[in-house]
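In: Mind folding the following:
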Amino acid sequence: MWRAQVTGACLPRARIAHSYIRHADLSDADLSGALLQRANLESSTFGRANLAGADLEGALLRMATLADANFSHANLTRADLAGADLTGVRLRGERVYGVLSSAAHYDSRTRWPAGFDALKHGAVRVSED
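Out: Here you go, the predicted model:
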């Protein structure tokens, strides 16, 4: 899929592991429980998307817009979030072992799992105007 426009799509429990879905617009989509292991989702938009319970282990989310997405109970183990927009994202309680967040942007609304040091992982806090 290249530059797919699936805003608001209802795709709960979708099985799209190992897929190549760069530059897709999945804003407001329901991907709850989706299997997205090792999917290439670089530069895609997931603004306000529901990824609750999704398995994103090893997914490439470089430069993705994830602002205000719901990741409750999601698995982000070894996901690559380098340069991603994590503003307003809540990651508390999610599995983020080995997550790469170098140069990912976050703000005061971003919630990290207990013990996760965003600065140590290279994330950059942006100021809200």
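
In: Excluding chain neighbours, give the residue nearest to the spatially most central residue of the chain in space.
Out: Central residue of the chain (C-alpha atoms, centre = their mean): residue 66, 5.2 Å from the mean position. Of all residues not flanking residue 66 in the chain, residue 46 sits nearest, at 5.0 Å (C-beta to C-beta, 6 or more residues apart in numbering). All C-beta spots, glycine's among them, are computed from the backbone N, C-alpha and C.

In: quick one: low-confidence parts of this structure?
Out: Counting by pLDDT under 70, the chain contains low-confidence residues at 1-5, 92-94, 129.

In: Please enumerate the strands of it.
Out: Using DSSP state E, the strands of the chain run over residues 105-106, 124-125.

In: which helices and strands does the first one pack with?
Out: So the one you mean is strand 105-106. For strand 105-106, the packing partners by 3 or more C-beta pairs under 8 Å, 6 or more residues apart in numbering; DSSP states H and E come out as strand 124-125.

In: Residue 57 is in contact with residue 80, correct?
Out: No - Residue 80 lies out of contact with residue 57 (C-beta atoms under 8 Å); the separation is 11.1 Å.

In: Residue 36 and residue 55 touch, don't they?
Out: Yes - counting by C-beta under 8 Å, residue 36 touches residue 55, with 6.4 Å between them.

In: Same drill for those two, tell me which one is more crowded.
Out: Taking other C-beta atoms under 10 Å, residue 36 and residue 55 do not tie; residue 36 has more neighbours (26 against 20).

In: so who does that one touch?
Out: Counting by C-beta atoms under 8 Å, 6 or more residues apart in numbering, residue 36 touches 14, 16, 17, 19, 54, 55, 56, 59.

In: Let me see the contact set for the third one.
Out: It refers to residue 17. 35, 36, 37, 38, 39, 55.

In: now these as TSV including distance to residue 102?
Out: Compiled in TSV, the contacts of residue 17 are given as follows (distance: C-beta to C-beta, whole Å):
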residue	distance to residue 102
35	25
36	20
37	21
38	19
39	19
55	22
